[in-house]
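J.: Give the three-dimensional model of this entry:
(one chain, ligands or ions: 1)
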Amino acid sequence: MVSTGSTSGGDSTSGGDSTSGGGSTSGGGRDAGRPSTLLTNIGELVTNDPAADDLLGAIHGAALVLEGGRVAWVGPAAAAPAADEVVDLGGRAVLPGFVDSHSHLVFAGDRAAEFAARMAGESYAAGGIRTTVAATRAATDEQLTSQVGRLVAEMRRQGTTTVEIKSGYGLTVRGEARSLAVARQFTDETTFLGAHVVPDGTSPEEYVALVTGAMLDAAAPYARWIDVFCEKGAFDGDQARAVLEAGAARGLRGRLHANQLGPGPGVRLAAELGLTAVDHCTYLEDADVDALRDSGTIATLLPGVEFSTKQPYPDARRLLDAGVRVALASDCNPGSCFTSSLPLCIALAVREMGMTPAEAVHAATATGAQALDRDDVGVLVPGKRADLMVLDAPSHVHLAYRPGVPLVAGVWVGGRPL
Ligand SMILES: [Zn+2]
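T.: Coordinates of the predicted model:
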């Protein structure tokens, strides 16, 4: 189970801290009876320790002790304490599990034909979402749950140990609440995205009133976050503000899809409202970059989308050089980007967006966690969750250096190997 699984046995509370405000003290599934485990002979251990001199807090020739679902010790292998179990990793690299802060996994159907048409020259527009809405409404709860479970397992095999999942393909009171209830079975990082697109047969004004009224009432018990697709063809800045403010009044934290298909008001709105993160950020004016820097709002870049829609990539280098925090996420969804692979996103960010391998790995782990207001994941230092991956490679660089190669050789969630 990625991050917060309800079916992972004794670890069912893992990551559940998120619902109590992102704190790091309540979850973790501590189990005093569980043995400690020493992972040793680690070629490179990426800790993301903010106190380290280098971005990744890398330790070479390292070891790590896991106990009670948490990291108990990190340091040079030669200085490692004894533990109940010892796992020799043969010089492989160990990284924090990826934190995928943006996905749309609750859907039915696929849009392979639309992708093929796009690759044959058609352009991407926001309206394709309606195709998935029709298929999702027609699916049973069991079909949706099965689909999410399959995709979460697929993510996990590629190193993702925490995932955010949005609604947004129901677009009715019942449909949105149902989607969030399904997502909640797999993660506490659930996001109400009723404002994904205006469904056929209603006006934008009527629909925003529904999203901020009865639909919000039904969705709020299952959601931690609220999101709006703020884009031409979806929702404008005033509508996005209304939805985010209504969500905030119900205790939901705001996030935003913005500036994906062209310039717009979304990024500056996110900064003005002090949102934790604003996602896409492909078309930015200087004032947008300044607003992100000044607000501290994280720019979450989703390069799988540009890959899959043949759009220009966002300029990560410009953001980083301006002092903006950058996260990477998958945006896994059936229309604009049907990849669940953060290794692919890292490779694209390095090859196409001006990020170094270290910056890209940090963006998909530590900053991804920050984009969910989480301080218990994305970092491997004592006290944090023991969510990590083992690469069949000596360093993090291989994630970009060997694109498309399944390098994730092992994944541990809450101190247990999957
Ligand atoms: Zn999205």
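J.: distance of the closest residue to residue 265 other than its chain neighbours from residue 258?
T.: Closest residue to residue 265 apart from its sequence neighbours, by Cβ to Cβ, 6 or more residues apart in numbering: residue 237 at 3.4 Å. (Glycine included, C-beta is placed from N, CA and C.) Residue 237 sits 9 Å away from residue 258, going by Cβ to Cβ, to the nearest Å.
J.: got the contact list for the residue nearest to residue 265?
T.: If you count contacts by Cβ atoms under 8 Å, 6 or more residues apart in numbering, residue 237 has them with 230, 264, 265, 266, 269.
J.: Quick check: it vs residue 285, distance?
T.: 14 Å.
J.: returning to what we had before: so what sits against both of residue 237 and residue 258?
T.: Taking Cβ under 8 Å, 6+ apart as the contact rule, residue 237 and residue 258 both touch 230, 264, 265, 266, 269.
J.: What about the residues you listed, which are in helices?
T.: Judged by DSSP state H, the shared contacts of residue 237 and residue 258 include 266, 269 as members of helices.
J.: Tabulate the shared contacts of residue 237 and residue 258 (a markdown table), appending pLDDT, neighbour count and distance to residue 99.
T.: Output for the shared contacts of residue 237 and residue 258, formatted as a markdown table (pLDDT from 0 to 100; neighbours: other Cβ atoms under 10 Å; distance: Cβ to Cβ, whole Å):
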| residue | pLDDT | neighbour count | distance to residue 99 |
| --- | --- | --- | --- |
| 230 | 97 | 29 | 23 |
| 264 | 97 | 22 | 27 |
| 265 | 98 | 17 | 28 |
| 266 | 98 | 28 | 22 |
| 269 | 98 | 22 | 24 |
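J.: Which of the shared contacts of residue 237 and residue 258 sits closest to residue 111?
T.: Nearest to residue 111 among these, counting by Cβ to Cβ, is residue 230 at 22.2 Å.
J.: right, and the closest one touches residue 240 too?
T.: Yes. Using Cβ atoms under 8 Å, residue 230 is in contact with residue 240, at 4.1 Å.
J.: Mutual contacts of these two, please.
T.: The overlap between the contact sets of residue 230 and residue 240 (Cβ under 8 Å, 6+ apart) consists of 256, 265, 266, 269.
J.: These: which two are farthest apart?
T.: Spatially, the most separated pair among the shared contacts of residue 230 and residue 240 is 256 and 265, at 10.1 Å (Cβ to Cβ).
J.: Now do the shared contacts for these two.
T.: Common neighbours of residue 256 and residue 265 (Cβ under 8 Å, 6+ apart) are 230, 240.
J.: what packs against the helix or strand where residue 272 lies?
T.: Element membership for residue 272 (DSSP states H and E) is helix 266-273. Counting contacts by 3 or more Cβ pairs under 8 Å, 6 or more residues apart in numbering; DSSP states H and E, helix 266-273 packs against helix 237-249, strand 253-258, strand 277-280, helix 286-295.
J.: Give me whichever of the ones you listed is most buried.
T.: strand 277-280 (a mean of 29; mean count of other Cβ atoms under 10 Å).
J.: Pipe the shared contacts of residue 230 and residue 240 into TSV and attach distance to residue 361 per row.
T.: Listed next are the shared contacts of residue 230 and residue 240 as TSV, based on distance: Cβ to Cβ, whole Å:
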residue	distance to residue 361
256	25
265	32
266	27
269	30
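J.: Return the closest of these with respect to residue 370.
T.: residue 256 (16.1 Å).
J.: contacting residues for that closest one?
T.: Contact analysis of residue 256 by Cβ under 8 Å, 6+ apart lists 227, 228, 230, 240, 244, 266, 267, 269, 270, 275, 278, 279.
J.: that older thread, identify the farthest-apart pair in the shared contacts of residue 237 and residue 258.
T.: 264 and 269 (9.0 Å).
J.: Which residues are in contact with each of the two?
T.: 230, 237, 258.
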